[in-house]
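S.K.: Sequence plus the predicted model coming up.
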Amino acid sequence: MGRSLGAGVFGHAVGMIPFQFGSPGRRLFGIYHPHDQRAGLASAVLLCNPFGQEAVRVHRFFRVLAQRLSRGAVDVLRFDAFGTGDSMGDDEDGDIDGWCLDLRNAHMELVRRSGAARVTWLGARLGARLALRACRPLDNPAQRLLLWDPVLDGAAYLETLRLKHVEALEKSYGPFGPDWRRRLAEDADAFAGEALGFALSPLLRRQLDALDFESATPPPGVDIHVIGNPTDTLLQAWLRGSRERGRPVQFAPLVHNFDWTAEEALNTALVPAEPLQRFMSMLAD
Amino acid sequence: MHETPILFGPDEHLLGVITAPQVSPPVPVGCLLMNAGVVHRIGPHRLNVKVARALAARGVVSLRMDLSGLGDSEPARGGGNYRDQAVEDVQAAMDFLERAQGLRRFVVVGICSGAVNAYWTALADSRIVGLLMFDGFAYPTAKTALVRRWTSLHHMSWPQLAGQAWSLARRFITRAHDGEGPDSASASPKQPSREEFRTAMDTLVARGVSVYLVYSHAIKAHNYAGQLRDAFRGASFLRTIRYDYIPHIDHTVTPIAAQREFVETISGWVADVIAVSPQRAPSRTL
């Protein structure tokens, strides 16, 4: 028994529908979770992955969240952007502009499949920053953005990736390997082309480097909620700046021990309970 | 190359992605890739995707899949144990590829726990003609323990050395009392004994299955070239299987350069196995 599920295959007989969408040169992998028809459709949710190892870390969490939401009145779409996960393209093919395009295509696919009038995007880390950037040019944009621990400073994020990459190498090869720490400290370009097993092209690095704090402007007309650590000073400064610019953003404090940027061998995919409960309560209505 | 997501299995509870070459017909042996640990079907650092696409470039159809309860696959309805369920899941993948692609022989590639599941499937199903285990079962020897100690001591300061010497002395005394051997520290209770593993390898070799055992550098489990030969000194299967210890590749194949080497090595080996695989149509079970 088995079914192949190409683009355009609809049906609510199963709990999830894996499929592909997008243009022939940019086929994307998605999993559509249709709502329980007994509940009636209330809204739809698009889940936006973070980058690289962070996307691997959050995969199970997003799957569980999607499954639970779709048992109620919410349609959910998860997808892999170009050059990530099961989508076409190599690691090096990923770039910010292309991923924003993918996000908009995924949004339109979700609207087309669900028919939902109310759509929320939930983005984690870099996925949150992409959501902030991608939701503007749409004719029928998302009504609400939930941004979980958003990447606000791209240059600082690149530095974090370099450091975490070296930590991963030390963990994998043992602490007595080559002089990774010295290279990290002395050479700003060392380990710049890869992060915890995922390649970064020069274009992507330039784009990430340009993602500064000031350019993270909340779009008008969209209800924005940030979920993050109340002690994150950069995040708090951004929230203040948004208020001062007349684009207030709602803040929901959430402290968790989910280490986003970690390479902890193979048995570390986590579904932290508190974030799951929090997002269920924010999205399940 | 084109890819197709599928739901398959008795309850369509398993999710996988078929990667097929543009050439038609593809080579008559398929390749199966599965979870490593709890990482979903793409594999650590997307390695399964990279291997699948390299195989497609060589004309090979592959299916990367989530086993029951892992990744995006639902748990199985039955109450069987994990090992049996994993074997049933991989067999369901072969059944699907047989119907959809006409494939009746398969190579199974596993990383870490995937290697273990590949091993049990190869023993249970004669459609498997090739088995690749990356960091599967490890059998440390006395030399493994010595290499581990030497590596640690070699990088210590004098105060650290003094502390280590005291610690070693205490552990030596404790072990002497407990009767623990030098190479038993890393043995997993779930892994076959040396004798069981030797018998299994002999069985696979006798069946004509090509076997490739690849080990990355793991300081406690497998840390020098030739460890497998030392652990199974004189075993006949060693003359037939391929074995490599690759110290510059880590357990999750983190550096991009290591990934390129890994993908090239794995896909090249699979292509070689397929090239020499007999054109017979095996029965499903043994």
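M.R.: Thanks, I have it.
S.K.: at contact distance from chain B, anything in stretch A:51-60?
M.R.: Yes - contact between stretch A:51-60 and chain B, assessed by CB under 8 Å from any CB of the partner chain, occurs at A:53, A:56, A:59-60. (Each C-beta comes from the backbone N, C-alpha and C, glycine too.)
S.K.: can you name the two of the residues you listed that are farthest apart?
M.R.: A:53 and A:60 (13.6 Å; CB to CB).
S.K.: Which one's more surrounded, the two?
M.R.: Higher neighbour count among residue A:53 and residue A:60: residue A:53, with 25 against 18, using other CB atoms under 10 Å in any protein chain shown.
S.K.: just checking, that one touches residue A:259?
M.R.: No - when contacts are counted by CB atoms under 8 Å, residue A:53 is not listed as touching residue A:259 (10.3 Å).
S.K.: can you put the residues of stretch A:51-60 next to chain B in JSON lines and add pLDDT and secondary structure?
M.R.: Shown next, in JSON lines, are those (pLDDT from 0 to 100; DSSP: H, G, I helix; E, B strand; the rest coil):
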{"residue": "A:53", "pLDDT": "93", "secondary structure": "helix"}
{"residue": "A:56", "pLDDT": "93", "secondary structure": "helix"}
{"residue": "A:59", "pLDDT": "95", "secondary structure": "helix"}
{"residue": "A:60", "pLDDT": "93", "secondary structure": "helix"}
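S.K.: From the residues you listed, pick the one nearest chain B.
M.R.: The shortest approach to chain B among the residues of stretch A:51-60 next to chain B belongs to residue A:59, at 5.3 Å (CB to the nearest CB).
S.K.: Apart from its chain neighbours, what residue comes closest to the closest one?
M.R.: residue B:40 (5.3 Å; CB to CB, 6 or more residues apart in numbering or on different chains).
S.K.: contacting residues for that neighbour?
M.R.: Taking CB atoms under 8 Å, 6 or more residues apart in numbering or on different chains, we find residue B:40 in contact with A:56, A:59-60, B:66, B:70-72.
S.K.: Could you identify which of those residues has the most neighbours?
M.R.: residue A:56 leads those on contacts (other CB under 10 Å) with 27 neighbours.
S.K.: And that residue, how far from residue B:207?
M.R.: Distance, residue A:56 to residue B:207, by CB to CB, to the nearest Å: 36 Å.
S.K.: do the same with residue B:31
M.R.: Using CB to CB, we find residue B:31 at a distance of 18 Å from residue B:207.
S.K.: Name the residue in those two with the higher neighbour count.
M.R.: A direct count of neighbours by other CB under 10 Å for residue B:31 and residue B:207 places residue B:31 higher, at 30 against 14.
S.K.: Settle this for me: the more buried one is touching residue B:106, isn't it.
M.R.: Yes - if you go by CB under 8 Å, residue B:31 and residue B:106 touch, sitting 6.8 Å apart.
S.K.: What's the local residue count around residue B:252?
M.R.: Neighbour tally, residue B:252, other CB under 10 Å: 28.
S.K.: ok, it touching residue B:44?
M.R.: Yes - assessed by CB under 8 Å, residue B:252 is found in contact with residue B:44 at 4.3 Å.
S.K.: which residues of the chain fall in helices?
M.R.: By default, I'm working from chain A. Assigned by DSSP state H, the helices in chain A fall at A:53-70, A:96-114, A:126-134, A:154-173, A:180-186, A:202-209, A:233-244, A:273-283.
S.K.: Sorry, I should have been clearer: chain B.
M.R.: With DSSP H as the criterion, chain B has helices spanning B:47-57, B:82-101, B:113-124, B:142-154, B:158-178, B:194-206, B:227-231, B:256-276.
S.K.: So for residue A:166, which of these sits nearest?
M.R.: Judging these by CB to CB, what sits closest to residue A:166 is helix B:256-276, at 14.4 Å.
S.K.: Just confirm yes or no for the closest one near chain A.
M.R.: Yes - for a cut-off given as CB under 8 Å from any CB, helix B:256-276 has contacts with chain A, namely B:256, B:259.
S.K.: can you pull the buried residues of that helix?
M.R.: B:256, B:258-259, B:262-263, B:265-267, B:269-271, B:273-274 (16 or more other CB atoms under 10 Å in any protein chain shown).
S.K.: now stretch B:79-94
M.R.: B:85-94.
S.K.: Can you tell me which of these comes closest to chain A?
M.R.: Each of the buried residues of stretch B:79-94 was checked against chain A using CB to the nearest CB; the closest is residue B:92, at 8.2 Å.
S.K.: tally of neighbours for the nearest residue to the closest one once chain neighbours are set aside?
M.R.: Closest residue to residue B:92 apart from its sequence neighbours, by CB to CB, 6+ apart: residue B:9 at 4.4 Å. Residue B:9 has 24 neighbouring residues, counting by other CB under 10 Å.
S.K.: distance of residue B:9 from residue B:147?
M.R.: On the measure of CB to CB, residue B:9 and residue B:147 end up 43 Å apart.
S.K.: separation between residue B:35 and chain A?
M.R.: To chain A, residue B:35 is 9 Å away according to CB to the nearest CB, to the nearest Å.
S.K.: Surely that residue is in contact with residue B:71?
M.R.: Yes - here residue B:35 reaches residue B:71: they are 6.1 Å apart, a contact under CB under 8 Å.
S.K.: Briefly note if stretch B:121-141 comes near chain A.
M.R.: No - using CB under 8 Å from any CB, stretch B:121-141 stays clear of chain A, with a minimum separation of 9.8 Å.
S.K.: what mean pLDDT does that stretch have?
M.R.: Stretch B:121-141 shows an average pLDDT of 96 in the prediction.
S.K.: What pLDDT is listed against residue 33?
M.R.: Went with chain A since none was named. Note on residue A:33: pLDDT of 97.
S.K.: wait, I meant chain B there
M.R.: Predicted confidence (pLDDT) for residue B:33: 98.
S.K.: Check the contacts of residue B:40 against residue B:246 and report the nearest one.
M.R.: The closest of these, once distances to residue B:246 are taken by CB to CB, is residue A:56, at 22.8 Å.
S.K.: Pull the contacting residues for that closest one.
M.R.: A:269, B:39-40, B:42, B:44.
S.K.: Can you pick out the most distant pair from these?
M.R.: Maximum distance among the contacts of residue A:56 (CB to CB): 12.2 Å, for A:269 and B:42.
S.K.: In terms of neighbours, single out the busier of the two.
M.R.: Using other CB under 10 Å as the criterion, residue A:269 and residue B:42 rank with residue B:42 on top: 28 against 19.
S.K.: Quick check, pLDDT for the more buried one.
M.R.: On the pLDDT scale, residue B:42 is placed at 98.
S.K.: okay but it is in contact with residue B:48, surely?
M.R.: Yes - in this structure residue B:42 lies within contact range of residue B:48 using CB under 8 Å: 5.6 Å.
S.K.: low-scoring stretches of chain B, by residue?
M.R.: B:153-161, B:164, B:168, B:171-189, B:278-286 (pLDDT under 70).
S.K.: Now it against chain A: closest residue?
M.R.: Closest point on chain B to chain A, by CB to the nearest CB, is residue B:37, at 2.7 Å.
S.K.: Okay, that residue and residue A:92: tell me how far apart.
M.R.: On the measure of CB to CB, residue B:37 and residue A:92 end up 26 Å apart.
S.K.: likewise residue B:15?
M.R.: Separation of residue B:15 from residue A:92 (CB to CB): 27 Å.
S.K.: Give me the more crowded residue out of these two.
M.R.: residue B:15 (25 against 17).
S.K.: Near chain A, which residues of the stretch 151-286 of chain B? Just list them.
M.R.: Residues of the stretch 151-286 of chain B lying near chain A (CB under 8 Å from any CB): B:151-152, B:154-155, B:217, B:219, B:250-256, B:259.
S.K.: can you redo the contacts of residue A:56 as JSON lines with distance to residue A:79?
M.R.: What follows is those, written out as JSON lines (distance: CB to CB, whole Å):
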{"residue": "A:269", "distance to residue A:79": "19"}
{"residue": "B:39", "distance to residue A:79": "18"}
{"residue": "B:40", "distance to residue A:79": "14"}
{"residue": "B:42", "distance to residue A:79": "13"}
{"residue": "B:44", "distance to residue A:79": "21"}
